[in-house]
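[1] the following block contains a protein sequence and its predicted model.
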2 protein chains.
Amino acid sequence: MTITQLKYVLAVAEHQNFTKAAEKTFVTQPTLSMQIQKLEDQLDVLIFDRTKKPIALTEIGKKIVQQAKNIVNEADRIQDIVDQQKGFIGGEFKLGIIPTVMPTLLPMFLRNFTNKFPKVLLKIEELNTDDLIQKLDEGHLDAGIAATPLLQENIKERVLYYEPFVAYVPGQHRLANNQTIAIGDLDIDDILLLEDGHCFRDGVINLCKSAKTSLDDRFQIESGSFETLIKLSEEGMGMTLLPYLHTLDLGERQKANLHHFNDPAPAREVSLIYPKSELKIQIIDAMFDVISGVVRGAIAYQDVQIISPLPNKK
Amino acid sequence: MTITQLKYVLAVAEHQNFTKAAEKTFVTQPTLSMQIQKLEDQLDVLIFDRTKKPIALTEIGKKIVQQAKNIVNEADRIQDIVDQQKGFIGGEFKLGIIPTVMPTLLPMFLRNFTNKFPKVLLKIEELNTDDLIQKLDEGHLDAGIAATPLLQENIKERVLYYEPFVAYVPGQHRLANNQTIAIGDLDIDDILLLEDGHCFRDGVINLCKSAKTSLDDRFQIESGSFETLIKLSEEGMGMTLLPYLHTLDLGERQKANLHHFNDPAPAREVSLIYPKSELKIQIIDAMFDVISGVVRGAIAYQDVQIISPLPNKK
DNA sequence: ACAAACAATAGTTAAAACTTATGGAAGCTT
DNA sequence: AAGCTTCCATAAGTTTTAACTATTGTTTGT
């Protein structure tokens, strides 16, 4: 049994297809067939049920895949241990970022980071929180940036910053004349929300719940971008809430419509999250330091009230 | 990097000698040299410091060995998972037994076990408790039989039986006329002990401590076998304590010198112990069942007071 | 029934893992 | 200090195996 064989098994298990798995592992399809057969012979079990379409794992195959993941992960850590000992910061690093953080945070630290650690090959992906957690668990990502706390068993969180919610209230809105705004002023039915799947949406819903109203499921306009929400808001469809960093990019005219909350301002906690296994921890450390340094200049809020990003289950 | 290479590294790390490690891994010494060099090249670190005599691990080498142990153990478990799925009970099984249990317990279950599970290749070793725990941790043993509780982080215990202490009091001794005996009657300075390293010795010392006296370190006769202790006892050197199963082998004349304790009789807890990793758990289960079945007929004590086998640290 | 998709098989090649034989350094011995 | 032993590295040759290309065999869908 070799580590390579186990990697092949994992690839086939993941793609449920020998040909695709072969591409991903950079070998030809017959190589996969043979090596996996050899492993099956040696263990004297069938790992895959080849009669099913698409190909499926047998009962014991599932257990073997689980264990193979352990082994391959542990094996990968050896290079990591060596890198760490040498203080080497490099290699591939896969980072997932939630959509509502991506466009504002990434430009702030990306150049800085790649300059400082040129040997790290960053692969960045935009993912919502659920997918992010899943990919971290599966080892497809090395780290992620998301709103926290997530209360996940196998994931560690290191807080990068607290980003206050800012209300965008167009001129004709009932709250337009308030200098500042209180959580109690909010009415969920009056607020434009991002479409389902964004944790910022869930954060806003939680915020309003904590105020007074209970969300009932009547018609609401939802969109995937804050730009759209702002436009809709100006059309008189209601107010909306933006994360603080997004407000920095607005034009002067739009900034006039911003209303900050009274202290303690509601805020989301944005963290660097990564598996407890701490694979590539030295790169994670480096990234944390860079982002913290960059953000410290941009966000100076002290007195905030953290709003949970988790959807409220019923 | 291959699992084989990691096994080679572990072998050399263990034996601190390429030649011996080569024998143990059933390859020639140059194979080891080359494969380990290859791994070192690939990782671009030195795992071994070859200038030291005997050969030593480098700092990073220690970390690599630690991780390699994980990987190899996890890899071994795959075969185990398959065996378990198939309900196959077989393969090599290394069992360590403490000296004071070995001669009485082993004959009781060995034949029974090998008959029932002919495909298990039992390798039994006599070891004192400390060595046993260490070898379990290092993966050199699959399970052990020892006096418990041991309070070890990585070791599970399953109680096989409670074995009462029985006093052996020769005719001329001050306690010879007592029908039964109480813990309070014991005087540590008057009791013949096994030599240092036996946990039964520590058990007896703990027992006497719990009675009244504190052990002071003046001259005592100590021996490695109960037979010697009995002989010495009959020579008038004092009394001694025996584990119950040992008393079954005595002649009629010697049995007359046995004095059982009042209830609750002091007893040692004898358990099957094994690493938390539960490698080969199906064989462990089988062995537990066999031994429990055999012992149930021989030991029927209910009301016992468990004496710790751990040496009392000062 | 035919094409497409996909895995298995056959045959071949290059790499690797292992062997035996040998060399060289370090530590003991007398 | 010369000689012996121990022990690891190196060299050269052999065997094994992991990979490739090309092809065949099955199943699925049209």
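    The structure has been received and is ready for your questions. Quantities reported herein were computed from a predicted structural model and do not represent experimental measurements.
[2] how far does stretch A:140-157 sit from its chain's centre?
    Stretch A:140-157 sits 7 Å away from the centroid of its parent chain (C-alpha atoms, centre = their mean, to the nearest Å).
[3] one more: stretch A:228-238?
    Using C-alpha atoms, centre = their mean, the offset of stretch A:228-238 from its chain centre is 27 Å.
[4] list the buried residues in it.
    Burial within stretch A:228-238, assessed by neighbour count using 16 or more other C-beta atoms under 10 Å in any protein chain shown, is assigned to A:228-230, A:232-234, A:238. Quick note: C-beta positions are derived from backbone N, CA and C, even for glycine.
[5] all helices for the stretch 151-300 of chain A, in order.
    If DSSP state H, counting those that start in this stretch is used as the criterion, the helices of the stretch 151-300 of chain A fall at A:199-211, A:226-232, A:244-247, A:252-255, A:281-298.
[6] now tabulate the ones you listed in CSV and tack on mean pLDDT and distance to A:Glu92.
    Formatted as CSV, those follow (pLDDT from 0 to 100; distance: least, C-beta to C-beta, whole Å):
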stretch, mean pLDDT, distance to A:Glu92
helix A:199-211, 77, 27
helix A:226-232, 87, 31
helix A:244-247, 93, 28
helix A:252-255, 92, 39
helix A:281-298, 92, 10
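[7] ok, which of the ones you listed comes nearest DNA strand D?
    helix A:281-298 (27.4 Å; C-beta to the nearest atom of the strand).
[8] can you pull the buried residues of that closest one?
    Quick answer for helix A:281-298 (16+ other C-beta under 10 Å): A:281-284, A:286-288, A:290-291, A:294-295.
[9] rewinding a little: and the helices of the stretch 151-300 of chain A as CSV, adding distance to A:Pro170?
    Shown next, in CSV, are those (distance: least, C-beta to C-beta, whole Å):
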stretch, distance to A:Pro170
helix A:199-211, 17
helix A:226-232, 9
helix A:244-247, 14
helix A:252-255, 9
helix A:281-298, 26
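[10] and those helices: which comes nearest A:Lys94?
    With respect to A:Lys94, and counting by C-beta to C-beta, the nearest of the helices of the stretch 151-300 of chain A is helix A:281-298 at 10.3 Å.
[11] only alpha carbons, please: show that closest one as CSV.
    Provided in CSV are the C-alpha atoms of helix A:281-298 (Å, rounded to 0.1, in the frame of the first residue of the first chain):
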residue,chain,number,x,y,z
ILE,A,281,-0.1,27.3,10.1
GLN,A,282,2.9,29.4,9.3
ILE,A,283,1.2,30.9,6.2
ILE,A,284,-2.0,31.4,8.2
ASP,A,285,0.1,33.3,10.8
ALA,A,286,1.6,35.4,8.1
MET,A,287,-1.7,36.2,6.5
PHE,A,288,-3.3,37.0,9.9
ASP,A,289,-0.4,39.5,10.6
VAL,A,290,-0.7,41.1,7.2
ILE,A,291,-4.5,41.5,7.3
SER,A,292,-4.5,42.7,10.9
GLY,A,293,-1.9,45.3,10.0
VAL,A,294,-3.8,46.6,7.0
VAL,A,295,-7.2,46.7,8.7
ARG,A,296,-6.0,48.4,11.8
GLY,A,297,-5.7,51.6,9.8
ALA,A,298,-9.1,51.4,8.3
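[12] any idea of the mean pLDDT in the helix or strand that that helix is followed by?
    Using DSSP states H and E, the next helix or strand after helix A:281-298 towards the C-terminus is strand A:304-306. Computed over strand A:304-306, the mean pLDDT rounds to 85.
[13] what's strand A:304-306 packed up against?
    Judged by 3 or more C-beta pairs under 8 Å, 6 or more residues apart in numbering or on different chains; DSSP states H and E, strand A:304-306 is in contact with strand A:155-168, strand A:265-275.
[14] for the stretch 51-200 of chain A, just list every one of the strands.
    Using DSSP state E, counting those that start in this stretch, the strands of the stretch 51-200 of chain A run over residues A:56-57, A:91-97, A:120-126, A:143-148, A:155-168, A:191-194.
[15] now these in JSON lines, with mean neighbour count, mean pLDDT and distance to DNA strand C?
    Putting these into JSON lines (neighbours: other C-beta atoms under 10 Å in any protein chain shown; pLDDT from 0 to 100; distance: least, C-beta to the nearest atom of the strand, whole Å) gives the following:
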{"stretch": "strand A:56-57", "mean neighbour count": "17", "mean pLDDT": "92", "distance to DNA strand C": "11"}
{"stretch": "strand A:91-97", "mean neighbour count": "19", "mean pLDDT": "92", "distance to DNA strand C": "21"}
{"stretch": "strand A:120-126", "mean neighbour count": "14", "mean pLDDT": "92", "distance to DNA strand C": "23"}
{"stretch": "strand A:143-148", "mean neighbour count": "26", "mean pLDDT": "95", "distance to DNA strand C": "31"}
{"stretch": "strand A:155-168", "mean neighbour count": "21", "mean pLDDT": "94", "distance to DNA strand C": "32"}
{"stretch": "strand A:191-194", "mean neighbour count": "22", "mean pLDDT": "82", "distance to DNA strand C": "36"}
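[16] perfect, that will be all.
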